[in-house]
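> everything below, folded, please.
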Amino acid sequence: MAFSTSSATNRHLLHRLITIRTFVDAKVKWVRDPYLDTAVQKEKNLKPLLSLKTLILSQPSKTLPISAAAAHKQHLNLPTTALKFVQMYPSIFQVIQPTKPLSLPHVKLTPQALTVHKEETQVLKSSIHRKDAAERLAKLLMLTRARRLPLGVIDKFKFDLGLPHNYILNLLSDFPDYFQICSMNCKDSNGCEVLALELISWRDELAVSAMEKREMGMNVSHERKRGRPIAFPMRLPNGFDLEKKVKNWVDEWQKLPYISPYEDGFHLSPNSDQAEKWTVAVLHELLHLLVSKKTEKENVFCLGDHLGFGVRFKKALVHHPGIFYVSNKNSTQTVVLRESYRKDFLVEKHPMMGMRHRYIYLMNKPVKRSKSDRGRMDEH
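Below is the predicted model of the structure:
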């Protein structure tokens, strides 16, 4: 690895860091970051809301019986009853009573929500977005040694990658030279064959990480200098102070050679500091691929198991609070890439995040209703 030092002492220290574990015996405390918590809190109930929206619009009448929404409560991951959920967001959903006697109430989208949906559809259909989504998906597969992942694992990241709701039918068919469906040659708990998405061939032009692009000044035509000690951006919240011995370790750890997440680093001693820097590189790139630069911790660990990292992702999150933040908001744990946010705002807003914030605006927009309207809603 191309890492030059000027003294035998430093060379010895570097070799020691690469081959053995030197992380200090100190507890790295978790400190709440109110800005990043707010960034996570903003999206509360957004995923189930968009899932319900998709279900409603899949109906020929563009309306859905409340009873049908209730039947899909678990699949939609609704936090409360279907009726209460749609009533929570009157700027998105409208409950209507069919004119036929004994008919059950239905739900449809408001004109405002339909307008946002149409604009969102245009974004999803654009060639720029479709190519971007395909490349994000390809890069995710390139993080694996086998260049394939079970469809169930990809589904966990579908929302975070900004993929279309039915990406298998609505995206993959446009990129036959990228992807193919294959079998994992195993069965799930129900005895069904596990299917996977496979990248047909390795793509060198995509095998450049966000860290490497930044180091090259976004000019990917420049030749990458492998083994450079690229340091990860560190952003700690106010009031967070690392113990001196932890800070000293981090400073030395940052000087280690950067190994691309698209290279195979499993030859490294798994408990070495160099292996941990490669692990952090993989986790950093994963979060950078996501349109919101965050995802549920459960998703991270699930993918880590498939990538072969086991507990190494867990240790990376604990050891590097200046790179990753774990929020406990919305009744789950969400891993956030710190450098991607200034306070509670994304530094680079992906077009899909722009559309999602339009929905969030409507979710928080109050609607004035007459007393008679409120009475009819309560009766339902």
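> which residue ranges of the stretch 101-250 of the chain form helices?
For the stretch 101-250 of the chain, the helices defined by DSSP state H, counting those that start in this stretch cover 111-125, 127-142, 151-161, 167-170, 210-215, 244-254.
> so what's the residue nearest to residue 148 when sequence neighbours are not counted up against?
Residue nearest to residue 148 in three dimensions, not counting chain neighbours: residue 198, with 3.8 Å by CB to CB, 6 or more residues apart in numbering. (C-beta placed from N, C-alpha, C; glycine too.) By CB atoms under 8 Å, 6 or more residues apart in numbering, the residues touching residue 198 are 141, 146, 147, 148, 179, 180, 181, 182.
> and the fifth one, how many neighbours?
Right, residue 179. Per other CB atoms under 10 Å, the neighbour tally for residue 179 reads 22.
> and it, what are its bridge partners?
Under DSSP bridges, the beta-bridge partners of residue 179 are residue 199.
> my guess is it contacts residue 196. True?
No. If you go by CB atoms under 8 Å, residue 179 and residue 196 don't touch, sitting 10.4 Å apart.
> just the buried residues of stretch 227-243, please?
Within stretch 227-243, the residues that qualify as buried are 229, 230, 231, 232, 234, 235, 242, counting by 16 or more other CB atoms under 10 Å.
> any chance of those in CSV, with distance to residue 319 and pLDDT too?
Formatted as CSV, the buried residues of stretch 227-243 follow (distance: CB to CB, whole Å; pLDDT from 0 to 100):
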residue, distance to residue 319, pLDDT
229, 18, 90
230, 18, 94
231, 15, 95
232, 12, 97
234, 12, 92
235, 15, 88
242, 11, 77
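> between those residues, which is closest to residue 99?
Using CB to CB, residue 235 comes nearest to residue 99 of the buried residues of stretch 227-243, at 57.3 Å.
> who's in contact with that closest one?
Counted by CB under 8 Å, 6+ apart, residue 235 has contacts 322, 338, 339.
> I'd say the second one and residue 324 touch.
Yes. In this structure residue 338 lies within contact range of residue 324 using CB under 8 Å: 6.6 Å.
> which residues touch residue 326?
Contacts of residue 326 by CB under 8 Å, 6+ apart are 30, 297, 317, 333, 334, 335, 336.
> please give the element, helix or strand, for the last one.
Residue 336 belongs to strand 334-337 when elements are defined using DSSP states H and E.
> so for that strand, what's the average pLDDT?
The pLDDT scores in strand 334-337 average 98.
> buried sites along it?
334, 335, 336, 337.
> hang on, isn't the third one packed against residue 324?
Yes. Taking CB under 8 Å as the contact criterion, residue 336 and residue 324 are neighbours in contact, 7.0 Å apart.
> where do the contact lists of those two overlap?
Listed as contacting both residue 336 and residue 324 by CB under 8 Å, 6+ apart are residue 287.
> where does the residue nearest to residue 51 when sequence neighbours are not counted land on pLDDT?
Spatially, and ignoring its direct neighbours in sequence, residue 51 is nearest to residue 76 (4.8 Å; CB to CB, 6+ apart). Residue 76 is assigned a predicted lDDT (pLDDT) of 94.
> for the chain, what helix or strand is lowest in average pLDDT?
In the chain, no helix or strand scores lower on mean pLDDT, DSSP states H and E than helix 371-379, which sits at a mean of 48.
> can you count the residues close to residue 127?
Neighbour count of residue 127, defined by other CB under 10 Å: 8.
> returning to that earlier point: I'd like the contacts of residue 198 as a markdown table, with distance to residue 113 and pLDDT appended.
Shown next, in a markdown table, are these (distance: CB to CB, whole Å; pLDDT from 0 to 100):
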| residue | distance to residue 113 | pLDDT |
| --- | --- | --- |
| 141 | 34 | 97 |
| 146 | 41 | 91 |
| 147 | 39 | 95 |
| 148 | 37 | 95 |
| 179 | 32 | 97 |
| 180 | 36 | 96 |
| 181 | 33 | 95 |
| 182 | 38 | 94 |
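> quick check on these: which are buried?
Applying 16+ other CB under 10 Å to the contacts of residue 198 flags 141, 147, 148, 179 as buried.
> of all those residues, which comes closest to residue 285?
Checking those against residue 285 with CB to CB, the nearest one is residue 141 at 12.6 Å.
> the closest one and residue 289, how far apart?
From residue 141 across to residue 289, the span is 11 Å (CB to CB, to the nearest Å).
> now the helix or strand in which residue 277 is found - C-alpha only, CSV.
Assessed by DSSP H and E, residue 277 sits inside helix 273-289. What follows is helix 273-289, C-alpha atoms only, in CSV (Å, rounded to 0.1, in the frame of the first residue of the first chain):
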residue,chain,number,x,y,z
ASP,A,273,-7.6,-1.1,12.8
GLN,A,274,-7.0,-1.2,9.0
ALA,A,275,-9.9,-3.7,8.7
GLU,A,276,-12.1,-1.3,10.7
LYS,A,277,-11.2,1.6,8.4
TRP,A,278,-12.3,-0.5,5.4
THR,A,279,-15.5,-1.5,7.2
VAL,A,280,-16.2,2.2,7.9
ALA,A,281,-15.5,2.9,4.2
VAL,A,282,-18.2,0.3,3.2
LEU,A,283,-20.7,1.6,5.7
HIS,A,284,-20.0,5.2,4.6
GLU,A,285,-20.5,4.4,0.9
LEU,A,286,-23.7,2.5,1.7
LEU,A,287,-25.2,5.5,3.4
HIS,A,288,-24.0,7.8,0.7
LEU,A,289,-25.9,5.7,-1.9
